[in-house]
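> Next input, structure requested:
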Amino acid sequence: MNLFFPLLAVLIWSVNTIVSKLSAGSIDPAAISFYRWLLALMVLTPFALPGVWRHRQTIRASLWRLLILGLLGMVLYQSLAYYAAHSVSAVMMGILGATIPLLTILLSLLVLRLAPTRGILFGGVLSFVGLVWLVSEGHPAQLLNQRPGSGELMMLAASTSYALYGVLTKRWAIPLPNWQSLYVQIVFGVLLLLPGFLHAPDVTLTARNIPLVLFAGLFASIIAPFMWILGVQRLGASTTSIFMNFVPVFTALIAVLFLQEQLHLYHLIGGGMTLVGVILAQRLKTPLSRRSAAPAHD
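Down below sits the predicted model:
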């Protein structure tokens, strides 16, 4: 039963990738980004605001950190994904999004001074080769003559943004309950997204795009994180994190079944290498050197 919580969260996030793709022809990226987090803010306010008020001193002391987290997690990550959806398939978005755990580990080497391991080295190299295979559609030599598409670069930037979000969350360890911290980040996210929303050419809500906003604002922004937190509490963070590797699999299946997207051989090869690389980086903990394995002495 405990496996149900992270599995449902991952399924919702996978469907949200499809929603992001569908939004490309239905609503401006700046509009759905703003509406999504505004809706989440409105729903969470009655539940989170009393706790936010109780922790106002802690929030005031960490205000700029919460602002940066809101910028990375609520603004850059999803906004870039919405823009990328205009030129990248949902299958590709799911695979590129699956690099977040690996990017988190790589950024942890710099920010958290994480000791390098063989898993990080071999997994990083394998994932990089897989990404090159994906972006070049199975013809790596073509990258010498042409640049990667802007959509792929935006999706990688989105994944990097969210990976940095996770690393900074761990480094700063702001002493706030999860939901109070998330609520303040959403407040900053809505404020930061407002200028783009006001300058968007068309922010009209229609019968076609309202369901997309509702899913993104309720399921992907509230229900999925709630399920994920329950999974972490019951299974532990390391076990729960393994479920993130199902995102590209679920996304690809849904995209093929409901969007009639084509699953090509280069998706399977490149995506497989990328995913195996991520798993190696997560699970192979052998230090690269004895020095990194030895405990530090005062």
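> Show the pLDDT at the closest residue to F219 other than its chain neighbours.
Once flanking residues are discounted, F219 sits nearest to I12: 5.1 Å by C-beta to C-beta, 6 or more residues apart in numbering. Every residue, glycine included, has its C-beta placed from N, CA and C. On pLDDT, I12 comes in at 95.
> three-state assignment of I12?
Under DSSP: H, G, I helix; E, B strand; the rest coil, I12 falls in the helix class.
> so who does A200 touch?
If you count contacts by C-beta atoms under 8 Å, 6 or more residues apart in numbering, A200 has them with D28, A30, A31.
> Tell me the one of those nearest L205?
A31 (8.2 Å; C-beta to C-beta).
> List the residues that contact the closest one.
With C-beta under 8 Å, 6+ apart, A31 has these contacts: F197, A200, D202, V203.
> For the chain, which residues score under the pLDDT cut-off?
Within the chain, the stretches with pLDDT under 70 are 142-148, 289-298.
> Quick check: closest non-adjacent residue to the residue most central in space within the chain.
Nearest to the geometric centre of the chain sits Y162, at 5.0 Å (C-alpha atoms, centre = their mean). Spatially, and ignoring its direct neighbours in sequence, Y162 is nearest to Y77 (4.3 Å; C-beta to C-beta, 6+ apart).
> again with I222
A40 (5.7 Å).
> just checking, G25 is part of a strand?
No: membership of G25 in a strand is not supported by three-state DSSP, which gives coil.
> which residues does it contact?
Counting by C-beta under 8 Å, 6+ apart, G25 has no contacts.
> number of nearby residues for the nearest residue to L38 once chain neighbours are set aside?
Nearest non-adjacent residue to L38, counting by C-beta to C-beta, 6+ apart: V190, 5.4 Å away. V190: 23 surrounding residues under other C-beta atoms under 10 Å.
> Likewise for F226?
So F226, with other C-beta under 10 Å, has 14 neighbours.
> Then T240?
Neighbours of T240 (other C-beta under 10 Å): 22.
> Distance-wise, check it relative to I229.
9 Å (C-beta to C-beta, to the nearest Å).
> out of the contacts of A200, who's nearest V91?
D28 (23.6 Å).
> What residues does that closest one make contact with?
If you count contacts by C-beta under 8 Å, 6+ apart, then D28 has A200, P201, D202, V203 around it.
> Following the chain past the helix or strand hosting P46, name the next helix or strand.
P46 is located in helix 29-54, with elements delineated by DSSP states H and E. Heading C-terminal from helix 29-54, the first helix or strand you meet, by DSSP H and E, is helix 56-61.
> Give the other helices and strands that that next one contacts.
On a contact count with 3 or more C-beta pairs under 8 Å, 6 or more residues apart in numbering; DSSP states H and E, helix 56-61 meets no helix or strand.
> Lovely, talk soon.
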